[in-house]
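Peer 1: pasting a predicted model and its sequence here:
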Protein chains: 4
Amino acid sequence: MAKPPVDEDRASIARAERRRQILAAAKHVFAEAGYHGATIGAIIERAAIARGTFYLYFESKEAVFGALLDEAMYELRRRIVRVETGAGSPPPETQLLDSIARVLEYIVADRALAVVLLSSSWTPDAEAAARLHAFYDEIRSVIALSLEHGAALGLLRSTHPRRTAAALLGLVRGIIEYCVTEEIEGEISQVTRELIDVALRGVLRN
Amino acid sequence: MAKPPVDEDRASIARAERRRQILAAAKHVFAEAGYHGATIGAIIERAAIARGTFYLYFESKEAVFGALLDEAMYELRRRIVRVETGAGSPPPETQLLDSIARVLEYIVADRALAVVLLSSSWTPDAEAAARLHAFYDEIRSVIALSLEHGAALGLLRSTHPRRTAAALLGLVRGIIEYCVTEEIEGEISQVTRELIDVALRGVLRN
Amino acid sequence: MAKPPVDEDRASIARAERRRQILAAAKHVFAEAGYHGATIGAIIERAAIARGTFYLYFESKEAVFGALLDEAMYELRRRIVRVETGAGSPPPETQLLDSIARVLEYIVADRALAVVLLSSSWTPDAEAAARLHAFYDEIRSVIALSLEHGAALGLLRSTHPRRTAAALLGLVRGIIEYCVTEEIEGEISQVTRELIDVALRGVLRN
Amino acid sequence: MAKPPVDEDRASIARAERRRQILAAAKHVFAEAGYHGATIGAIIERAAIARGTFYLYFESKEAVFGALLDEAMYELRRRIVRVETGAGSPPPETQLLDSIARVLEYIVADRALAVVLLSSSWTPDAEAAARLHAFYDEIRSVIALSLEHGAALGLLRSTHPRRTAAALLGLVRGIIEYCVTEEIEGEISQVTRELIDVALRGVLRN
DNA sequence: AATGAATGAGGGTTCATTCAT
DNA sequence: CATGAATGAACCCTCATTCAT
C-alpha cells in the first residue's frame, strides 16, 4: 500500500516540474518576442522538449500565456495588502512601503516576467489582454480607495482618486521598467523608499 | 521647360499624401492588433489601396512601423522643451506644465498613436524597439537633467535623478493610459495640472 | 471604353479557369485518398500551384469538397427528370431510361467524381456529408414518388415505396461502381437498357 | 506442473477477450469518423485501455482496420451459400432468400459494422481497400455464377452476368443502407422478401 | 502485461513579399 | 504608378507510434 501513492506523487511532482519548466521557457520567449511574435517552436526549443510534449501540458499558445498571467497576478495580489488605519496598526506609510517593496522585489527579481507584465497590456488577443487589463484596474482601484481613505482621515490631499491612482500606478511601473532595464538589483529597499518619497512628497523642495 | 517641375511638385505632393494615408491606416491597425498581429492586408484594406501599392511607399512592414515611430517621436520632441531658468524666463513650473500639456494634448488627441507608443516598447523586433527605447531614454535624460538643474538651483529636492526621472515618466504614461482608456478628453489642462501637482508636491497633505 | 471590360473578362475567365483546375485536382485527390486522407499538399501538387494560391480560390479544404459536391449535385439534378404521364408524353419507360442514361453517361465519364460521390456519403465531417446524404434522400424521394405514381396508374406493382426506392438507388449505384471499376465505357446505352430491364422485370424468366 | 497450461489458457482467453474489446471499440470509431478520421486516441478511450496497450494487440491503425474487415468478411462468407439445384434441394428461391436473410440479419444488427463495410470501400489506404474490394468482387462472382447457373437451367433470363450481379449487389447494399439509416429493425424477413421480389420480378405489374 | 509520457513528422492555414500586367 | 494574383516560408496544432517504468 506504500508504493502506488509514492509513484503517483513522484509522477505528479515530475509533471508539475515539467510544467514549470515549460512556463519558464514560455515566459522568456514571450518577454523577448511579445505574444504574437512568440512561437511554440521557440518555447519548446528553450524548454528542450518535443513539439507534442508542449501540448501535453498546455492546450494552446494562448493557454500558456494565460497561465503565465494568472500565476503572476496571483503572486502580485498576495503581496499587495490594503493599508489599515486601526489603532495598533503600523503607520500607513510603512504599510504602503512594505506592499510596494514586496511587489518590487518579486518583479525585479524576474526580469522576463516584468517585461511580459509591462508590455502585454495591449497586444495579445482579447482574453488575456482583458484579464491583465482587469488586473491593473483592480490595482488602480485599491490605490484609489487608499487615496480616498487617506484623504478622509486628513492624511492625504484631496485629489481625483482614479486619476491620481493611474498616475501612481504608472509611477511604479516606470520604476520597475527602469530597474529591469538598468540591471539594478540588490538595494531595492532604497529604491522603494525613494519611490514612496516622490509619491508622497513630490519632487519639490518644500 | 517650366512645366516639369510643377508636375513633379504635384506628383510629389500626391505621393506624400498617399504616404500619409497609408501611415494613418497602419497606425490604427498597429494600435488594434499590435506589431505582430497587424497584417499588411488589414493596412491596405483600411487605406483602400492595392497590395502592391503598399510596397511602393514602404519597404516592409517593419518600415511603416519605424516611420510611424519616427513621426511620433519627432512630434513629441518638438513639444518637449528643456526648462530654462535665465532671467526673464517664465517660472520653471509653468514651463514644465506647458511641455507636459503640449505632449498630453498631442497624444490624447490620437488614441491610436498613444496605444502604439505605450504598448510597443517591447514587442516589435529589434530595430524599432531599440529606437523607441532610445526615445524614452532620451526623455528620461531630459527629465533627469531638469531634476539635477532644479536641485542645483535649490528648487527641487535632491534625488537620484535617473530613478526619479523614470518614475516621473511612468507617471505621465500612467496618466496617458488612463486618459486614453477612459475616454477623458476635453479638460486636459485640468488633468495636466493635477499631474504636475502630484509630481511636484506628492499626495501627502502637508 | 473597350479595354477595361475586356481585361476584366480576361481576368475573370482566367480566374474561373484556375478554379476549375484546382477543383479537378481536388477531385482526383479526394477520389484517391478520401476526404480525411486528402491533403492540400497533394491537391496543389496536382494542380501545380503554390500553397497560398489554393487559399486564394477556396477558403478551406472543406470548402473545395463542398464545391465539388455542389457542382456534381447540380449536374446530376439537371439530368434527372420526373416521369410524366400526360397524353402525348413519351412512354414512362423511355423517360426513365433517358434520365438514367444521362446520369450514367455523366458519371461514368468522370471516374474520379463517381468515386467521390459513391464513397463520401459517410466519411467527411458533418456539413458535406449531410449535404450528400440529403441529395441521396432527394433522389430516393423522386424514385419513391415515381413508384407510387406508377402503382396508382396500375403500371407498377404495389411495393413499399421508400424501401424499393432505396433498393433501386442501390442498384444504380452498383452498376455505376461496376462501370467505373471495370473501365467499361462506350456502350452505356446498352448497360442502361439492361439495368432498366432488371429493375422493371427482375431476373426471373417469366 | 499441471498449472502452467491452465494459466496459459486463462491468459490466452483473457488476451482474446481484450482483443475483441479493442476491435469493438475500433469498429465504432471507424464507423463514426471513417478510416482517416478515426484516431487511436478515440479507440483507446472507448476501449478504456492505455495507449501502449493498444499496440500490444495490434501493430498499427491499419492493422485493426484490417482485422475488422477480415472478421466481417469471414462472418459474411459463412452466411452466403451457393444456390444448389440438385434433387432434394430446397427451391432455389428459398435458398437465395435464406442467404440474403442471414446476411441482412447479421449486418443490420450491427449498425457500426454496416457503416464500415458500406463506406470504406475506397478510403483506407491501399491494402485494406484492396481486400474489401476483393471481397465484393468475390460476392459479385458468386451472384454472377448463380445467375448463369439459373439461366442455364432456364429459371432465369439471360443477362450479362457480371453486370447484373453488380446491380443486384448494389440493390442489397442500397437496402442495407436504408435499414441502417432508418432504424428499421425487427421485420428483416419482410424486408428481405420484398428485396428478393424486386430482384426476381422487377417493379413492373405484369 | 500494462501504462502513459514523450516524440516528431506532417497537416491545414496565414501572410509578408514579389512581379507580370 | 498602380494593381492583385501568385508565392512559399513559417506558424499552430494533431496524432500514430515508441519506450522507460
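Peer 2: Good, I have the coordinates.
Peer 1: which residues touch the closest residue to residue A:24 other than its chain neighbours?
Peer 2: In this structure, residue A:24 finds its nearest non-sequential neighbour in residue A:47, 7.6 Å apart by C-beta to C-beta, 6 or more residues apart in numbering or on different chains. Every C-beta, even on glycine, is put in place using the N, C-alpha and C of the backbone. Contact analysis of residue A:47 by C-beta atoms under 8 Å, 6 or more residues apart in numbering or on different chains lists A:21-22, A:24-26, A:54.
Peer 1: give me that answer again for 7 Å
Peer 2: Listed by C-beta atoms under 7 Å, 6 or more residues apart in numbering or on different chains, the contact set of residue A:47 reads A:21-22, A:25.
Peer 1: adding neighbour count and pLDDT, write those residues out as JSON lines.
Peer 2: What follows is the contacts of residue A:47, written out as JSON lines (neighbours: other C-beta atoms under 10 Å in any protein chain shown; pLDDT from 0 to 100):
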{"residue": "A:21", "neighbour count": "15", "pLDDT": "94"}
{"residue": "A:22", "neighbour count": "22", "pLDDT": "96"}
{"residue": "A:25", "neighbour count": "21", "pLDDT": "96"}
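Peer 1: how far is the longest helix along chain A from where the chain is centred?
Peer 2: Using DSSP state H, we find that the single longest helix of chain A is helix A:3-37. Relative to the centre of its chain, helix A:3-37 is centred 19 Å away, using C-alpha atoms, centre = their mean, to the nearest Å.
Peer 1: what about residue A:78, helix or strand, and which?
Peer 2: Assigned by DSSP states H and E, residue A:78 belongs to helix A:61-79.
Peer 1: which positions in the next helix or strand after that helix come out as buried?
Peer 2: Downstream of helix A:61-79, the next assigned helix or strand under DSSP H and E is helix A:92-108. Going by neighbour count (16 or more other C-beta atoms under 10 Å in any protein chain shown), the buried part of helix A:92-108 is A:92, A:95-97, A:99-104, A:106-108.
Peer 1: also stretch A:17-26?
Peer 2: Neighbour-count burial for stretch A:17-26, counted by 16+ other C-beta under 10 Å, picks out A:22-26.
Peer 1: next one: stretch A:192-206
Peer 2: Going by neighbour count (16+ other C-beta under 10 Å), the buried part of stretch A:192-206 is A:192, A:194-203.
Peer 1: what's the spacing between the residue in chain A that DNA strand E sits nearest to and chain B?
Peer 2: Using C-beta to the nearest atom of the strand, the closest approach of chain A to DNA strand E is made by residue A:52 at 1.5 Å. For residue A:52, the distance to chain B equals 25 Å [C-beta to the nearest C-beta, to the nearest Å].
Peer 1: residue A:35 too?
Peer 2: From residue A:35 to chain B the distance is 7 Å (C-beta to the nearest C-beta).
Peer 1: just residue A:86 next, same as before
Peer 2: Using C-beta to the nearest C-beta, we find residue A:86 at a distance of 20 Å from chain B.
Peer 1: for residue A:153, see how far away that residue is.
Peer 2: 11 Å (C-beta to C-beta, to the nearest Å).
Peer 1: higher neighbour count, the two?
Peer 2: Neighbour count, other C-beta atoms under 10 Å in any protein chain shown: between residue A:86 and residue A:153, residue A:153 has more, with 11 against 5.
Peer 1: could I get the contacting residues of that one?
Peer 2: Per C-beta under 7 Å, 6+ apart, neighbours of residue A:153: residue A:85.
Peer 1: tell me the pLDDT of it.
Peer 2: Predicted confidence (pLDDT) for residue A:153: 83.
Peer 1: same question for residue A:98.
Peer 2: Residue A:98 is given a pLDDT of 86.
Peer 1: cool, residue A:130 as well?
Peer 2: With respect to pLDDT, residue A:130 has a value of 76.
Peer 1: got the phi/psi numbers for it?
Peer 2: phi -60, psi -40 (degrees, to the nearest 10).
Peer 1: quick one: it and chain B, what's the gap?
Peer 2: Using C-beta to the nearest C-beta, residue A:130 is found at 12 Å from chain B.
Peer 1: that residue and residue A:73: what is the separation?
Peer 2: Per C-beta to C-beta, residue A:130 is found 13 Å from residue A:73.
Peer 1: who's more crowded, the two?
Peer 2: Neighbours were counted for residue A:130 and for residue A:73 using other C-beta under 10 Å; residue A:73 has more, 18 against 11.
Peer 1: give me the element the closest residue to the more buried one other than its chain neighbours is part of.
Peer 2: Excluding its sequence neighbours, the residue lying closest to residue A:73 (C-beta to C-beta, 6+ apart) is residue A:135, at 5.0 Å. Residue A:135 belongs to helix A:127-152 when assigned by DSSP H and E.
Peer 1: quick one: is that helix near DNA strand F?
Peer 2: No: using C-beta under 7 Å from any atom of the strand, helix A:127-152 stays clear of DNA strand F, coming no nearer than 12.2 Å.
Peer 1: now do the helix or strand following that helix against helix B:127-152: the angle between them, please.
Peer 2: Using DSSP H and E, the helix or strand that follows helix A:127-152 in sequence is helix A:161-182. On the basis of axes from the mean of the first three to the mean of the last three C-alpha atoms, to 10 degrees, helix A:161-182 is oriented at 110 degrees to helix B:127-152.
Peer 1: what packs against helix A:161-182?
Peer 2: For helix A:161-182, the packing partners by 3 or more C-beta pairs under 7 Å, 6 or more residues apart in numbering or on different chains; DSSP states H and E come out as helix A:92-108, helix A:111-119, helix A:127-152, helix A:188-201, helix B:161-182, helix B:188-201.
Peer 1: quick one: mean pLDDT for that helix?
Peer 2: On average, the pLDDT along helix A:161-182 is 89.
Peer 1: residue A:108 against residue A:181, yeah?
Peer 2: No: counting by C-beta atoms under 7 Å, residue A:108 sits too far from residue A:181 to count as a contact (10.7 Å).
Peer 1: what helix or strand does the closest residue to residue A:51 other than its chain neighbours sit in?
Peer 2: In this structure, residue A:51 finds its nearest non-sequential neighbour in residue A:44, 5.7 Å apart by C-beta to C-beta, 6+ apart. Using DSSP H and E, residue A:44 sits in helix A:40-47.
Peer 1: ok, that helix near DNA strand E or not?
Peer 2: No: judged by C-beta under 7 Å from any atom of the strand, helix A:40-47 and DNA strand E are separated, with a smallest distance of 8.0 Å.
Peer 1: now look at that helix and say if it contacts DNA strand F.
Peer 2: Yes: using C-beta under 7 Å from any atom of the strand, we find that helix A:40-47 touches DNA strand F at A:40-41.
Peer 1: ok, and what's touching the following helix or strand past that helix?
Peer 2: Following helix A:40-47 in sequence order, the next helix or strand is helix A:51-57 (DSSP H and E). For helix A:51-57, contacts defined as C-beta under 7 Å, 6+ apart pick out A:18-19, A:22, A:40, A:43-44.
Peer 1: could you rerun that using 6 Å?
Peer 2: Helix A:51-57 is contacted from outside by A:19, A:22, A:44, using C-beta atoms under 6 Å, 6 or more residues apart in numbering or on different chains.
Peer 1: ditto for stretch A:94-107
Peer 2: Under C-beta under 6 Å, 6+ apart, the answer for stretch A:94-107 is A:75, A:79-81, A:83, A:114, A:176, A:188, A:192, A:196.
Peer 1: list only those of these flagged as buried.
Peer 2: Buried subset of these (neighbour count, 16+ other C-beta under 10 Å): A:79, A:83, A:114, A:176, A:188, A:192, A:196.
Peer 1: farthest pair in these?
Peer 2: Farthest apart among the buried ones among the contacts of stretch A:94-107 by C-beta to C-beta are A:83 and A:114. That separation is 24.2 Å.
Peer 1: just the CA coordinates for stretch A:46-59, please, in CSV.
Peer 2: Below are the C-alpha coordinates for stretch A:46-59, written out as CSV (Å, rounded to 0.1, in the frame of the first residue of the first chain):
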residue,chain,number,x,y,z
ARG,A,46,14.1,26.7,-24.9
ALA,A,47,12.4,24.1,-22.8
ALA,A,48,14.3,21.4,-24.6
ILE,A,49,11.1,19.3,-25.2
ALA,A,50,9.4,18.0,-28.3
ARG,A,51,6.6,19.8,-30.0
GLY,A,52,4.0,17.4,-28.9
THR,A,53,5.1,17.5,-25.3
PHE,A,54,4.1,21.1,-25.1
TYR,A,55,0.5,20.3,-25.9
LEU,A,56,0.6,17.6,-23.2
TYR,A,57,0.8,20.4,-20.7
PHE,A,58,-0.9,23.3,-22.3
GLU,A,59,-3.9,23.4,-24.6
